[in-house]
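**Q** mind folding the following:
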Amino acid sequence: MIRQTRGSAWSGALRLLAGAGLLAASTSAFAADMPLKAPPPPVYQPGGYVYVGVGGGYSSVRFEQDIFAVGISQAFAGGTLVANGIAQGPGDGVRNIQSTFAGEVQAGFMRHFDSGGISTSPWLWGGKFKYKYLGTSATETGVIVPQTGAFTPTGGGAATPLTGNVLIQSMQTTVEHELSALVIFGQSLNTGMMVYAGAGPAALSTKSFINRAVGFGDVNGAPTAITGAPVSFASATWMWGAAAQIGLTYTVAPCWMLDFNYTITATKKFDINYAAPFTSTSAGITYVGNAYITTPQHLTTQAIAVTINRVF
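**A** Numbering: from 1, shown residues only. Predicted coordinates for the structure are as follows:
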């Protein structure tokens, strides 16, 4: 039997430790010589998606409306034309801001610029269609439109100056519907969040009313209702303009996202024209003619809204 002494055991242990140290050193040196691989690029959303959503928010509407009135008449005495008259002039404009809660629906799509399966680009483009119901009105009462003009005798002679006013009991403009179609550009901040901005054409559905308008003239020093009985007017039209939007989307579930946005919409100035014939008699003189009122309008809406959207 061969016995292993204590000294030989320690010697064997030291040899094992030395071998392990050399192996570790060689492995570290080999790893240091290997080139480092770049981390993989972040993976954002799939190459493209579509969505539909519903929501609402706070909206304000700025109404800007001017007014201009013209009256053209003929004066008859005993069936004989004795004079031709005209009076015209502008009134004070109407400036009014109304606020309301507006519900809205939207639909759109987004695509990454390098779409083709799973995207590694944070930049996106897309489109959005929005519908909003505003249903708010601006009303102005006791409107006065000053008039100046003259009556010219048919048989010759100097014209007689004519001054007066068109008195309007009330004017009202209502904005009902807002439509917009936006081109969107955005950037993914991570797999669940995107910021974006967009712009495009827009249209606002409006209804306008002029209630009980009467044209008065100072004839021979006496106020005379030349246009006779009060006349009311109504008009409905779409006013075209442009909209711009900035926003942020946040994914709350695999197929659901929240869309927070601010939108401003402005229309071009749009002329609304009214006309009505009139006949009246005062002090033995019959006035026959036409009354014209023009109300150039301009609308601006602003809104802060949030929608919940289903992503497909």
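
**Q** element containing Ser205?
**A** Using DSSP states H and E, Ser205 sits within strand 193-219.

**Q** after that strand comes which helix or strand?
**A** Per DSSP H and E, the helix or strand that comes after strand 193-219 is strand 222-225.

**Q** Gly215 touches Ala69, doesn't it?
**A** Yes. Taking CB atoms under 8 Å as the definition, Gly215 is a contact partner of Ala69 at 7.2 Å. No exception for glycine: its C-beta is placed from N, CA and C like everyone else's.

**Q** can you pull up the most central residue in this structure?
**A** In the chain, the C-alpha closest to the average C-alpha coordinate belongs to Thr265, at a distance of 2.4 Å (CA atoms, centre = their mean).

**Q** what count of nearby residues applies to Ile210?
**A** 23 (other CB atoms under 10 Å).

**Q** what separates it from Thr100, distance-wise?
**A** Distance of Ile210 to Thr100, given as CB to CB, to the nearest Å: 23 Å.

**Q** Gly155: what secondary structure?
**A** Assigned by DSSP: H, G, I helix; E, B strand; the rest coil, the conformation of Gly155 is coil.

**Q** going forward can the numbers begin at 23, since that is how I track them
**A** Yep, numbering from 23; the last one is Gly177 now.

**Q** what is the one helix or strand Leu103 maps to packed up against?
**A** Using DSSP H and E, Leu103 sits in strand 102-134. Using 3 or more CB pairs under 8 Å, 6 or more residues apart in numbering; DSSP states H and E, the elements in contact with strand 102-134 are strand 70-99, strand 145-175, strand 182-212, strand 215-241, strand 307-333.

**Q** let's see 10 Å
**A** Judged by 3 or more CB pairs under 10 Å, 6 or more residues apart in numbering; DSSP states H and E, strand 102-134 is in contact with strand 70-99, strand 145-175, strand 182-212, strand 215-241, strand 278-289, strand 307-333.

**Q** which strands border it, and is each parallel or antiparallel?
**A** The pairing partners recorded for strand 102-134 under DSSP bridges are strand 70-99 (antiparallel), strand 145-175 (antiparallel).

**Q** for Gly306, which of those is the nearest?
**A** Between Gly306 and these, the tightest spacing by CB to CB is seen for strand 70-99, at 6.5 Å.

**Q** list the buried residues in the closest one.
**A** Going by neighbour count (16 or more other CB atoms under 10 Å), the buried part of strand 70-99 is 71, 73, 75, 77-79, 81-83, 85-93, 95, 97-98.

**Q** which strand residues bridge the closest residue to the residue nearest to the centre of the chain other than its chain neighbours?
**A** Of all residues not flanking Thr287 in the chain, Ala265 sits nearest, at 4.2 Å (CB to CB, 6 or more residues apart in numbering). Counting by DSSP bridges, Ala265 is bridged to Gly222, Thr287.

**Q** quick one on the thing from earlier: please state the offset of the strand holding Ser227 from the chain centre?
**A** 12 Å (CA atoms, centre = their mean, to the nearest Å).

**Q** hang on, isn't Met132 packed against Val333?
**A** Yes. Using CB atoms under 10 Å, Met132 is in contact with Val333, at 9.4 Å.

**Q** count the neighbours of Thr316 for me.
**A** The number of residues near Thr316, taken as other CB under 10 Å, comes to 15.

**Q** now it. Nearest residue, chain neighbours left out?
**A** Phe90 (4.8 Å).

**Q** hang on, the earlier thing: starting at the chain centroid, how far to the strand holding Leu103?
**A** Mean C-alpha position of strand 102-134 versus that of the full chain (CA atoms, centre = their mean) differs by 14 Å.

**Q** try stretch 162-175
**A** 35 Å.

**Q** please name the residues that touch Thr170.
**A** Applying CB atoms under 10 Å, 6 or more residues apart in numbering to Thr170 gives the contacts 108-111, 183-186.

**Q** what of Ala327?
**A** Taking CB under 10 Å, 6+ apart, one finds 77-81, 123-126, 128, 152, 154, 267, 269, 281-285 in contact with Ala327.

**Q** for Thr228, same thing?
**A** Counting by CB under 10 Å, 6+ apart, Thr228 has contacts 85, 156, 159, 195-199, 257-261, 289, 292, 294, 319, 321.

**Q** buried ones only from the residues you listed, please, as a PyMOL command.
**A** In PyMOL, this line selects whichever of the contacts of Thr228 come out buried by 16+ other CB under 10 Å:
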select buried, resi 85+156+159+195+196+197+261+289+292+294+319+321
